[in-house]
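Peer 1: Requesting a structural model of the entry that follows:
(one chain, ligands or ions: 2)
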Amino acid sequence: MTPKNPRTLFVCQNCGFQTGKWLGKCPDCEAWSSFLEEVLAPEPAYTRAPGLDAAGRNKPAPLISLSSVHEERRPCGCLEFDRALGGGLVLGSVVLIGGDPGIGKSTLMLQVLDRLCGNGYTGLYVSGEESAAQLKLRADRLGITSPTLLVATETCLENIFKLLESEKPHYLALDSIQTLYAASLPAAPGSITQVRETAFQLVQLAKRTNIPIFLIGHVTKEGAIAGPKLLEHMVDTVLYFEGDRSHTYRLLRTVKNRFGPSQELGVFEMRDTGLTEVTNPSALFLSERSLEAPGSVVVASIEGSRPILVEVQALVTPTSLGMPRRQATGVDAGRLSLLVAVLEKRMGLAFGNQDIFVNVAGGVRLTEPAADLGIIAALTSSLLDQPVPGDTLIFGEVGLTGEVRTVSQTALRLKEGAKLGFQRALIARGQKDSGLKMSELQIDAVGSVREALQRLFSKEGKQISGKKQ
Ligand code: TYD
Ligand code: MG
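Peer 2: Ligands and ions are numbered 1, 2, ... in the order given. As a prediction, the model looks like this:
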């Protein structure tokens with residue numbers, strides 16, 4: 001009798017969708033060529049028999065009767081990292097740090113662990129990517145001094161569990177989740193089955209032992225490496241480390257956080273001695289701004305809990321193509337089209353034969369509608385070739401009828417503007433914010449896009465208002 005072939009399935013390496021035969025495109029997440037054949041394990045390690053246990057511990061209880069636990073937070077001593085975590089590392093939590101290869105994840109991890117170790121705490125950094133010699137070379141560059149930061153090169157999960165038993169560290173970092181494998185599974189390291197199983201076991205471990213675990217995960221556009229999306233569901237906190245490799249600053253963005261606000265943003269600068277914190281990102285993002293250049297506007301955006309001033313640049317130029325180009329970096333392309341349509345319809349400005357490029361300096365992504373008025377001002381400024389006064393801060397949401405709406409946390413935005421030497425602010429009328437009265441800025445409150453553009457481009461004001469509605 002021939003042995004039975006092990007059962008295999010085709011699994012989407014992006015989202016985990018399973019199918020019996022190979023597909024070119026995943027029907028679930030729409031990724032292309034993402035299916036790999038994986039051998040199924042006879043039985044996953046974590047299946048439990050259904051039903052309540054003898055003590056009836058799975059019995060539902062009234063929510064109000066549960067005793068409240070206060071999660072213990074430990075600050076890492078790195079302000080920008082703590083900010084991204086929502087004010088410190090929660091014990092027993094699993095933090096995923098995702099990012100493109102080479103962006104600086106391993107560097108960040110070593111530096112954070114170095115700060116966490118000390119005061120009797122030990123950390124274990126397990127690398128499946130680099131040799132001990134490479135780690136040492138990096139540690140020397142970073143000036144790591146902590147004697148209680150242990151490193152190991154290992155990729156087998158069972159061996160890592162043994163290391164944990166013998167070393168009993170207070171913190172664990174695994175670089176990277178895609179190199180780990182559980183020996184009990186036949187699937188290859190990096191496949192979605194392995195990523196799911198190893199991550200599941202690590203999450204269980206963190207909850208059982210209260211050790212915080214950092215997982216590093218690569219994200220590649222080709223979808224060659226498994227599971228960042230799937231991992232996001234399993235862990236407590238997801239941080240993305242981003243940045244333009246040709247620039248030195250790096251952004252640590254909180255995408256998900258069970259223990260704090262998401263949308264937080266930590267800012268770092270990559271130097272030859274590692275990452276340093278940027279405590280005043282607004283100043284950094286505005287440092288290369290050319291004042292009084294047409295198409296340049298500074299908007300005040302709220303990233304998580306703090307205001308950040310960023311420069312929005314627009315370039316509007318006659319097109320030589322049949323179909324004009326619309327290119328947006330850092331701004332949603334759909335939102336840009338909407339704002340252009342508002343300008344065309346409400347202000348009679350003609351963008352139909354113009355290429356439009358919009359860029360947010362510093363790699364920041366503006367997701368708030370508060371940036372609308374700034375984008376409108378930048379577009380008009382470039383179209384008319386007239387600069388917006390360099391000392392003016394602009395923010396407000398723009399509606400489809402061309403009205404300018406109020407946004408949240410106005411006082412916080414204005415305060416940041418005053419700190420960086422801005423003199424005026426163009427904002428929505430009707431802000432009922434007590435902080436407004438105390439603001440050091442001269443406030444220009446407007447109710448519509450028309451009014452805003454008339455204030456900004458005084459000479460062209462007549463031309464703007466004279467055009468058809
Ligand atoms: P790394 O942490 O290895 O990235 P990842 O783990 O995300 O793949 O960082 C690699 C890059 O960082 C590399 O291009 C060199 C740069 N770097 C510095 O500029 N300064 C430093 O002190 C270090 C350690 C790295
Ligand atoms: Mg690395």
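
Peer 1: contacts, neighbours, all on C-alpha from now
Peer 2: OK.

Peer 1: which residues touch residue 383?
Peer 2: 295, 315, 316, 317 (CA atoms under 8 Å, 6 or more residues apart in numbering).

Peer 1: where does it land in three-state SS?
Peer 2: Of the three states, residue 383 takes helix under DSSP: H, G, I helix; E, B strand; the rest coil.

Peer 1: what are the phi and psi angles of residue 449?
Peer 2: phi -60, psi -40 (degrees, to the nearest 10).

Peer 1: again but with residue 177, I slipped
Peer 2: phi -60, psi -30.

Peer 1: and it, how far is that from ligand 1?
Peer 2: According to CA to the nearest ligand atom, to the nearest Å, residue 177 stands 12 Å off from ligand 1.

Peer 1: So which of the contacts of residue 383 is the closest to ligand 1?
Peer 2: Nearest to ligand 1 among these is residue 315, at 31.5 Å by CA to the nearest ligand atom.

Peer 1: was I right about the closest one contacting residue 295?
Peer 2: Yes. Shown here, residue 315 and residue 295 form a contact pair, counting by CA atoms under 8 Å, at 6.1 Å.

Peer 1: Look up phi and psi at the residue of the stretch 351-469 of the chain found nearest ligand 1.
Peer 2: Closest approach between the stretch 351-469 of the chain and ligand 1, counting by CA to the nearest ligand atom: residue 363, at 17.1 Å. Dihedral pair for residue 363: phi 70, psi 10, per degrees, to the nearest 10.

Peer 1: who's in contact with it?
Peer 2: Residues in contact with residue 363 (CA under 8 Å, 6+ apart) are 243, 244, 330.

Peer 1: got the contacts of residue 383 as JSON lines, with secondary structure, pLDDT and neighbour count columns?
Peer 2: Shown next, in JSON lines, are these (DSSP: H, G, I helix; E, B strand; the rest coil; pLDDT from 0 to 100; neighbours: other CA atoms under 10 Å):
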{"residue": "295", "secondary structure": "coil", "pLDDT": "94", "neighbour count": "26"}
{"residue": "315", "secondary structure": "strand", "pLDDT": "96", "neighbour count": "21"}
{"residue": "316", "secondary structure": "strand", "pLDDT": "96", "neighbour count": "24"}
{"residue": "317", "secondary structure": "strand", "pLDDT": "95", "neighbour count": "17"}
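
Peer 1: For the stretch 201-350 of the chain, which residues are neighbours of ligand 1?
Peer 2: Contact residues, the stretch 201-350 of the chain versus ligand 1 (CA under 6 Å from any ligand atom): 270, 271, 272, 273, 274.

Peer 1: Which two among the residues you listed are spaced furthest apart?
Peer 2: 270 and 273 (7.9 Å; CA to CA).

Peer 1: which one's the longest helix in this protein?
Peer 2: helix 192-209 (DSSP state H).

Peer 1: list the buried ones in stretch 391-407?
Peer 2: 391-399, 402-407 (16 or more other CA atoms under 10 Å).

Peer 1: Which one of these is nearest to residue 156?
Peer 2: residue 407 (50.7 Å).

Peer 1: quick one: pLDDT of that closest one?
Peer 2: pLDDT for residue 407: 92.

Peer 1: What of residue 458?
Peer 2: Residue 458 is assigned 69 on the pLDDT scale.

Peer 1: what do you get for residue 52?
Peer 2: We note a pLDDT of 57 for residue 52 in this prediction.

Peer 1: and if you look at residue 359?
Peer 2: Residue 359 carries a pLDDT value of 93.

Peer 1: tell me which element it falls in.
Peer 2: According to DSSP states H and E, residue 359 maps onto strand 354-360.

Peer 1: what comes into contact with that strand?
Peer 2: Where contact means CA under 8 Å, 6+ apart, the residues beyond strand 354-360 that reach it are 310-319, 324-331, 366.

Peer 1: which of those count as buried?
Peer 2: Neighbour counting with 16+ other CA under 10 Å marks 310-317, 324-325, 327-331, 366 as buried within these.

Peer 1: Let me see the ranges of the helices in the stretch 1-150 of the chain.
Peer 2: With helices called from DSSP state H, counting those that start in this stretch, the stretch 1-150 of the chain shows them at 79-85, 105-116, 132-142.

Peer 1: Give the ranges of residues in the chain that sit below the confidence cut-off.
Peer 2: Scanning the chain for pLDDT under 70 picks out the ranges 1-6, 41-58, 220-228, 431-438, 458-469.

Peer 1: make it 80
Peer 2: Residue ranges of the chain with pLDDT under 80: 1-7, 14-15, 39-59, 67-71, 118-119, 219-230, 244-247, 362-363, 430-439, 458-469.

Peer 1: residues touching the residue in the stretch 201-350 of the chain that ligand 1 sits nearest to, list them.
Peer 2: Using CA to the nearest ligand atom, the closest approach of the stretch 201-350 of the chain to ligand 1 is made by residue 274 at 3.3 Å. Residues counted as contacts of residue 274 (CA under 8 Å, 6+ apart) are 107, 108, 141, 142.

Peer 1: Tell me which strands the strand holding residue 359 pairs with, and in which orientation.
Peer 2: Looking at strand 354-360 with DSSP bridges, its partner strands are strand 306-318 (antiparallel), strand 326-329 (parallel).

Peer 1: can you dump the C-alpha coordinates of it into CSV?
Peer 2: The C-alpha trace of strand 354-360 is given here as CSV (Å, rounded to 0.1, in the frame of the first residue of the first chain):
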residue,chain,number,x,y,z
GLN,A,354,-3.5,71.4,-16.5
ASP,A,355,-1.3,68.7,-15.0
ILE,A,356,-1.7,68.7,-11.2
PHE,A,357,1.0,67.4,-8.8
VAL,A,358,0.5,67.6,-5.1
ASN,A,359,3.1,66.6,-2.6
VAL,A,360,3.3,66.7,1.2
